[in-house]
Structures are given as C-alpha cells and as structure tokens.
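Participant: Pasting the sequence and the predicted model now:
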Amino acid sequence: MREAVLFEDETLRDGLQVEKIVLRLEDKLALFDRLVAAGIKRIQVGSFVHPGIVPQMADTDELIRRIEAPPDVLLTGLVLNRKGVERALDSGLGHLSMSVSVSDTHSRKNANMPAAEALDSMCRLIEEAVAGGVTPRGGVQCAFGCVYEGAVPEQTVVDALKSMAAAGARELNLADTTGMGNPVQVRRLITKVREALPDAELSLHLHDTRGLGLANMMAGYQAGVRQFDTATGGLGGCPFVRGAAGNVPTEDAAHLFAAIEADTGIDLPNLCRTVDLLETLLEHPLPGRMCRVLKAMGGCQ
C-alpha cells in the first residue's frame, strides 16, 4: 500500500490573512467547497483574532456556522489568546491550533507578550480547551529561527513542546514562520522532538521565504513526519515577519509526494481550478508552480 500523507490546507486562514482584498463570506464558502472537492481532508478555516488587526478573519465565526463539511473533513482554527478560545468554543469547532512563538521579539509583535509568558498562558488555555471537549494542536512558531533574533536554541523548542504536551496537546506542530529552516536542521530538530516526545503526532508548517519549503518538507518526511500544513497557490505569510513569503503550495506538495508514490488523496487538476479562482478573487498571480505546468501541458482546463 502507498504511504499516506495528510495536508492541512490553510488557504482560508494563513493564506488570506495578509491579502489586501477582503473576501466576501460567499467567496470563502466557495473556496472551501472547492478544496473539499479536490480531496483536502483537513482545512484551517480561519483564526479567532481581532478583526481590526486581521480584517480577513472578521467573519470566521459566521463562516464556521455556514460551512457544510462532509464527515470525513476536519475543520480547525487558530487561536492565540483567551478571547479566541472563548469564541472558538462558542462556534462549536472541535479542533483548534494553539500556537506561541519561541522568539521573544516575534511573540511581542504577534501576541503582545513575552515568549515565556505567552507559553504559560497558552498551556493553561490548552488545558481549558481539553476540558471543553476540544482537541488542541500545540504549535511552536519560529521553531527554525527568527528574523529579529537569529537562531533559536533547539532545546527551547523541545521544552515548549513538552510543556504543551503536558497540558494536553497530543498533536504538536513545528512552524518555520520566517522560512529560515534548512533540510539538515529540520531533520535534526524533528529527531530531537521525537526522542523527547515519542508518542506525539508531529506536523510541520513551512514557509517558502528562501525557496527551501519543498526541500524542508521532504526532510520532514524522511524524518518520519506525515502531516504538513500547506496553502493552495502558495498563499500566506505572517504580517509580523519582515519579508515573509507564503506557505508551501498545496498543489506543489501534492506533486512532490505523488512523484515518490505517497498517497495524498489530492485531485491535482481540480485543485488547480481552485488556484484559478483565488487568482481571480485576489487579482494577482500566485507563486505555486504545478498549475502553470499542467496548463502548459493541457492538463488543467
């Protein structure tokens, strides 16, 4: 049997959060339906943040209420603070991504508090989420470096993930928020995390800022990771990171794993039609490659 790889598509959250054009709720619903039709089984539909800071996420609560998700598709959302958890619980969402930065400077910009304080607060919120019947995924931002502070000690990343696991997060995510990671570093850090937390389900959130997104994804796969965050078309980026680029394009990642005969369940031509819709709605081309390749070959109409 072909080995399965799972993508969490973050087009509707990380993908849209830095876009200048604020999409209508109906457009987001149409994008969600297209992602499902293309075979995506895990979708991050938004974040519970202040709409004045991230206008694209102002309708996350209503979007969740309006979505009609098939039973085999997992919906998740991002929360960064107590208010976000309260909104998420009220929305009825059963899965949450709960992440903090291990870079003090980035944490102050992103969460308005020092990294150590943010971690302590998030661990308490993870406990509350578990008590409320929600499955949390604990995440570490800037796990592979910070544009403001440089290298991040790997033990700091491991210790943060251990704290989140102790609070009740069985899923753990390492995020290359600034796109500074490299394949050797990715393999090394995943190995250390696995040694410290052998029972945790690990995933990677990779940005392609320096062109190493797919290489880092392959390194993660070789180190045993089977779940990756992506965004259709390569959308995304952090508004609090200088020079941040988008996520690894879902369609490019699907091609990578198809090439090594891993099973993603993705209908690539169908997904490329989603890229076409995004480019129309956002009024600019997207950086993903495989849709251009398929069009040139006449395989994406």
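Facilitator: It's in.
Participant: what are the phi and psi angles of the residue nearest in space to the middle of the chain?
Facilitator: With distances taken as Cα atoms, centre = their mean, the residue of the chain nearest its centroid is Asp229 (4.2 Å). Backbone torsions for Asp229, taken as degrees, to the nearest 10, come to phi -80, psi 140.
Participant: Enumerate every residue touching it.
Facilitator: By Cβ atoms under 8 Å, 6 or more residues apart in numbering, Asp229 lies in contact with Phe7, Glu8, Glu10, Asp14, Gln44, Asn173, Ala175, Ser203, Leu204, His205, Leu206, Asn247. C-beta here means a position set from N, CA and C on the backbone, and glycine is covered the same way.
Participant: Most neighbours among those, which one?
Facilitator: Asn247 (30 neighbours; other Cβ atoms under 10 Å).
Participant: thinking again about what came up before, so the closest residue in space to the residue nearest to the centre of the chain that isn't next to it in sequence, which state does it fall into?
Facilitator: In space, Asp229 comes closest to His205 once its chain neighbours are excluded; the distance is 4.0 Å by Cβ to Cβ, 6 or more residues apart in numbering. Here His205 is strand, with the state taken from DSSP: H, G, I helix; E, B strand; the rest coil.
Participant: Equivalent analysis for the one 4 residues further on, please.
Facilitator: Secondary structure for Thr209, judged by three-state DSSP, is coil.
Participant: Let's see the pLDDT reported for it.
Facilitator: Confidence at Thr209, expressed as pLDDT, is 89.
Participant: same deal with Glu62?
Facilitator: 96.
Participant: With Gln17 instead?
Facilitator: 89.
Participant: likewise the one 4 residues further on?
Facilitator: If you check Ile21, the pLDDT there is 94.
Participant: Using CSV, write down the CA coordinates of the lengthiest helix in the chain.
Facilitator: Ordering each helix of the chain by length in residues (DSSP state H) puts helix 115-131 first. What follows is helix 115-131 as a C-alpha-only set of coordinates in CSV (Å, rounded to 0.1, in the frame of the first residue of the first chain):
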residue,chain,number,x,y,z
ALA,A,115,7.5,34.3,24.8
ALA,A,116,7.7,32.7,28.2
GLU,A,117,4.5,34.4,29.4
ALA,A,118,2.8,33.5,26.1
LEU,A,119,3.7,29.8,26.6
ASP,A,120,2.5,29.7,30.2
SER,A,121,-0.8,31.3,29.1
MET,A,122,-1.3,29.0,26.1
CYS,A,123,-0.7,25.9,28.2
ARG,A,124,-3.5,27.0,30.6
LEU,A,125,-5.7,27.6,27.6
ILE,A,126,-4.9,24.1,26.2
GLU,A,127,-6.0,22.6,29.5
GLU,A,128,-9.2,24.6,29.3
ALA,A,129,-9.8,23.6,25.6
VAL,A,130,-9.3,19.9,26.5
ALA,A,131,-11.7,20.3,29.4
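Participant: Counting by contacts, list what that helix packs against.
Facilitator: helix 82-91, strand 95-101, helix 104-111, strand 135-141, helix 154-167 (3 or more Cβ pairs under 8 Å, 6 or more residues apart in numbering; DSSP states H and E).
Participant: Can you list the low-confidence ranges for the chain?
Facilitator: 1, 238-245, 299-301 (pLDDT under 70).
Participant: quick one, helices of it?
Facilitator: So, for the chain - with DSSP H - the helices run 25-37, 60-66, 82-91, 104-111, 115-131, 154-167, 183-196, 213-222, 250-259, 268-282, 290-296.
Participant: for those, which one sits closest to Gly145?
Facilitator: With Cβ to Cβ as the criterion, Gly145 lies closest to helix 183-196 of the helices of the chain, at 8.3 Å.
Participant: outside of stretch 283-291, which residues touch it?
Facilitator: 21, 208, 232-235, 245-246, 249-252, 254-255, 268, 271-272, 275-276, 278-279, 300.
Participant: Give me the buried positions along it.
Facilitator: Judged by neighbour count using 16 or more other Cβ atoms under 10 Å, the buried positions of stretch 283-291 are Leu286, Gly288, Met290, Cys291.
Participant: for stretch 78-90, same thing?
Facilitator: So stretch 78-90, judged by 16+ other Cβ under 10 Å, has buried residues Leu78, Val79, Leu80, Asn81, Gly84, Val85, Arg87, Ala88, Leu89.
Participant: and the second one, what does it touch?
Facilitator: Counting by Cβ under 8 Å, 6+ apart, Val79 makes contact with Ser47, Phe48, Val85, Arg87, Ala88, Leu96, Ser97, Met98, Leu125.
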